[in-house]
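>>> sequence? don't have it. structure:
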């Protein structure tokens, strides 16, 4: 027994379990439209034996079900996520925060030194005031009849000392006032320095902790890789569309991204990948249930009769295309963009803008006129997506014409090979008007009564600019899906397109209007319907 106990004393101490604290800052982040997958890495020394790695300072928004741990160099054991009863976090200030705190401390010391110096000056004023008070209490010589010389000497002494005391007090007051300006300036500078410290200080939130058990067959160095989801992060695209329309025409689509996260943890020098994947949205197809229909005699349908409970559920909201830029569709499903430089993003910092790339193309340019609604035509550029990739939609798109800001709007999805007409503001030199030339409404017929409505309109396009314009003029005639409502129309000149863009009743004319010229389009409509019905 004694020999066995002695043998235990000489076992290597590294065989006993040891707790190894680790700091695992975010090194990579794949950011989705909502949420992100973050990756953390840490290298640690592991003595021989069983040990526990404690990873503190994880954000409280960590999704415990998404935690995945991989370890090289040792054997991985149990993984435990703790979001309560966690160990305190020892935070290490960034170099910027360290410098900001040092500046605050320096300013606080300078303010204290200045206040002490001011107090020293004020004490001199207090001493001078005490002398003045004492001199005021002095009386003349006690002799019954002092000599004139003695009286004059006494008066001269009191006067000289009183003057000197007042001069000392005034000098001290002037010097003290000078400190007031210095203190005010130092206090304002300190307030700004403290704002810098507050801005650089990471949020102090309740944090989560991860406990990982490992086994090291021998002393080694291990590498831990931790990935997990966070929901308080996301990105959205932003486009700047520049149309240059001078001697040459060029369209540039400058792509960027607004990135933000509010996880309670600042990210420093993180490798960022932007993804169009949406793990928080619908990821499986909706089921389609059988639909049973039944007929009943009129007025006799059973009360409470309904379809089967599994029949025809309420339609779900359509899945909208994500508003994000997409330079890489390598899998044909989701787009990703690997940002080429590390990104630092503080928690709660909204709309950090990252510049991505620029797509250049040569557009077709024309003026779009809608005389029925507008007083001027609008400059349009036809974007043909020949970039070899899909341009995904954006709700933050700014439009520029020859370097001047025009408007802010949206960019819809433009698949490869598709075209899209983009507007770049009104052309004030192209004036539009419409005039109702004739309008008749009333009854017709001899034996039977029918209602009818006749109307003739004229659209006028005046080119008051100094150049000719390729024009697309839009007009409209009514349409009906009822046989009893008969609609006929005539146009002069005839439109180039009927049901433009598959919109029923929308007409389009393609014309060139030279500078100083005008164009008239006449459109007549004739509607007839039974007399016992009314038009809507």
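Ah, there it is. Predicted model, so just to flag it, every value in this text is computed and none were measured.
>>> now do the helices in the stretch 101-250 of the chain.
Listed in chain order, the helices of the stretch 101-250 of the chain (DSSP state H, counting those that start in this stretch) span 148-200.
>>> check the chain too.
In the chain, the helices defined using DSSP state H lie at 2-9, 95-137, 148-200.
>>> next, the angle from the second one to helix 148-200.
It stands for helix 95-137. 160 degrees (axes from the mean of the first three to the mean of the last three C-alpha atoms, to 10 degrees).
>>> show me how far helix 95-137 is from its chain's centre.
47 Å (C-alpha atoms, centre = their mean, to the nearest Å).
>>> summarise which helices and strands that helix is packed against.
The contact analysis (3 or more C-beta pairs under 8 Å, 6 or more residues apart in numbering; DSSP states H and E) places helix 95-137 against helix 148-200. For every residue, glycine as well, the C-beta is placed using N, CA and C.
>>> and the helix it packs on, what does it pack onto?
helix 95-137.
>>> relative to residue 496, which of the helices of the chain is closest?
helix 148-200 (60.2 Å; C-beta to C-beta).
>>> just checking, residue 458 touches residue 475?
No: applying C-beta atoms under 8 Å, one finds residue 458 not in contact with residue 475, separated by 10.6 Å.
>>> please enumerate the shared neighbours of these two.
521, 523 (C-beta atoms under 8 Å, 6 or more residues apart in numbering).
>>> show me the contacts for the nearest residue to residue 402 once chain neighbours are set aside.
Among residues not flanking residue 402 along the chain, residue 244 sits closest, at 6.1 Å (C-beta to C-beta, 6 or more residues apart in numbering). Residue 244 makes contacts with 250, 251, 252, 402, 403, as judged by C-beta under 8 Å, 6+ apart.
>>> could you rerun that using 10 Å?
250, 251, 252, 363, 400, 401, 402, 403 (C-beta atoms under 10 Å, 6 or more residues apart in numbering).
>>> one step back: now tell me which of the helices of the chain the model trusts least on average.
Among the helices of the chain, helix 2-9 carries the lowest mean pLDDT, a mean of 37.
>>> how many residues are close by residue 261?
29 (other C-beta atoms under 10 Å).
>>> for it, name its beta-bridge partners.
residue 233 (DSSP bridges).
>>> tell me the pLDDT at it?
91.
>>> for it, give its distance to residue 31.
Distance, residue 261 to residue 31, using C-beta to C-beta, to the nearest Å: 8 Å.
>>> which residues do these two both contact?
38, 230, 233, 234, 235, 270, 345.
>>> between the residues you listed, which is closest to residue 124?
For the shared contacts of residue 261 and residue 31, the nearest to residue 124 is residue 345 (55.2 Å; C-beta to C-beta).
>>> let me see the contact set for the nearest residue in space to that closest one that is not next to it in sequence.
Leaving out its chain neighbours, the residue that sits closest to residue 345 by C-beta to C-beta, 6+ apart is residue 267, at 4.6 Å. Shown in contact with residue 267 (C-beta under 10 Å, 6+ apart): 25-29, 36, 38, 233, 259, 261, 342-347, 349.
>>> now the buried members of those.
25-29, 36, 38, 233, 259, 261, 343, 345-347 (16 or more other C-beta atoms under 10 Å).
>>> surely residue 434 meets residue 372?
Yes: with contact defined as C-beta atoms under 10 Å, residue 434 reaches residue 372; the gap is 5.9 Å.
>>> looking at those two, which is more packed in?
Between residue 434 and residue 372, residue 434 has the larger neighbour count (other C-beta under 10 Å), namely 18 against 13.
>>> how many other residues sit next to the nearest residue to residue 417 once chain neighbours are set aside?
Closest residue to residue 417 apart from its sequence neighbours, by C-beta to C-beta, 6+ apart: residue 385 at 6.3 Å. Applying other C-beta under 10 Å, we find 19 other residues in the vicinity of residue 385.
>>> any idea how far residue 42 is from residue 395?
Residue 42 is 38 Å from residue 395, by C-beta to C-beta.
>>> re earlier: now, the contacts of residue 244 that are in strands?
250, 251, 252, 400, 401 (DSSP state E).
>>> who wins for neighbours among these?
So for the ones in strands among the contacts of residue 244 (other C-beta under 10 Å), the most neighbours sit at residue 251, 22 neighbours.
>>> and for the closest residue in space to that residue that isn't next to it in sequence, the neighbour number?
Excluding the flanking residues, the one nearest residue 251 by C-beta to C-beta, 6+ apart is residue 363, at 4.3 Å. Neighbours of residue 363 under the rule other C-beta under 10 Å: 20.
>>> could you do the one 5 residues further on as well?
One way to gauge burial is a neighbour count; for residue 368, by other C-beta under 10 Å, it gives 18.
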